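Asker: please work out how this folds:
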Amino acid sequence: MAAHLPSKSDHAIGHATIRVCQIILDPKLGNSLFPLGTSNKDIAACLKEAIGNICDDNTPPRYVQAVTVLHNGGVVAELNTEELAAWLCGPMSHTLLEGQFNSTVSF
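Answerer: Predicted coordinates:
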């Protein structure tokens with residue numbers, strides 16, 4: 001009956017694969033990233049624009065696949081590649097992305 005379900009190790013590998021393509025944007029104390037009730041579609045579009053504003057020709061292809069809004073107003077953004085997530089976590093692009101949100105975010 002459960003033969004079609006992935007094994008626990010396959011499930012863990014799947015989660016790890018998704019996790020490396022994610023970034024978490026947390027609002028700094030007393031701030032919010034997006035107004036309450038902003039749709040995930042609008043948040044994804046805003047993130048895509050913010051990422052596009054800091055990219056150049058050498059940046060990995062960029063696409064926000066999904067967003068999840070956390071209870072504290074933070075956002076988990078799932079990106080299209082591990083390379084883009086790693087690039088955004090680099091010191092230069094990290095600072096540039098924070099600047100796109102007027103320093104109301106940390107990740």
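Asker: can you give me phi and psi for the residue nearest the centre of the chain?
Answerer: Nearest residue to the geometric centre of the chain (CA atoms, centre = their mean): residue 77, 2.4 Å. Residue 77 adopts backbone torsions of phi -110, psi 120, taken as degrees, to the nearest 10.
Asker: how about it, what does it touch?
Answerer: By CB atoms under 8 Å, 6 or more residues apart in numbering, the contact set of residue 77 is 22, 23, 24, 25, 44, 47, 64, 66, 67. Heads up, the C-betas are built off the backbone N, CA and C, glycines and all.
Asker: again, but for residue 104
Answerer: By CB under 8 Å, 6+ apart, residue 104 lies in contact with 27, 28, 31, 32, 33.
Asker: where does the last one land on pLDDT?
Answerer: Per-residue confidence for residue 33 comes out at a pLDDT of 86.
Asker: the residue nearest to it when sequence neighbours are not counted bridge partners, please.
Answerer: Nearest residue to residue 33 in three dimensions, chain neighbours excluded: residue 27, at 5.1 Å (CB to CB, 6 or more residues apart in numbering). Beta-bridge pairing of residue 27 under DSSP bridges involves residue 105.
Asker: quick check, residue 27 in contact with residue 72.
Answerer: Yes. Look at residue 27 against residue 72 with CB atoms under 8 Å: they come within range, at 6.9 Å.
Asker: which one's more surrounded, those two?
Answerer: Counted by other CB atoms under 10 Å, residue 27 and residue 72 do not tie: residue 27 has more neighbours, with 18 against 11.
Asker: any figure for the gap between residue 82 and residue 21?
Answerer: According to CB to CB, to the nearest Å, residue 82 stands 5 Å off from residue 21.
Asker: err, residue 58, not the other one
Answerer: 19 Å.
Asker: more neighbours: which of these two?
Answerer: Using other CB under 10 Å as the criterion, residue 58 and residue 21 rank with residue 21 on top: 18 against 6.
Asker: residues contacting the more buried one?
Answerer: 65, 78, 79, 80, 81, 82, 84, 85.
Asker: next: residue 75.
Answerer: Residue 75 neighbours (CB under 8 Å, 6+ apart): 24, 25, 33, 34, 43, 47, 67, 68, 69.
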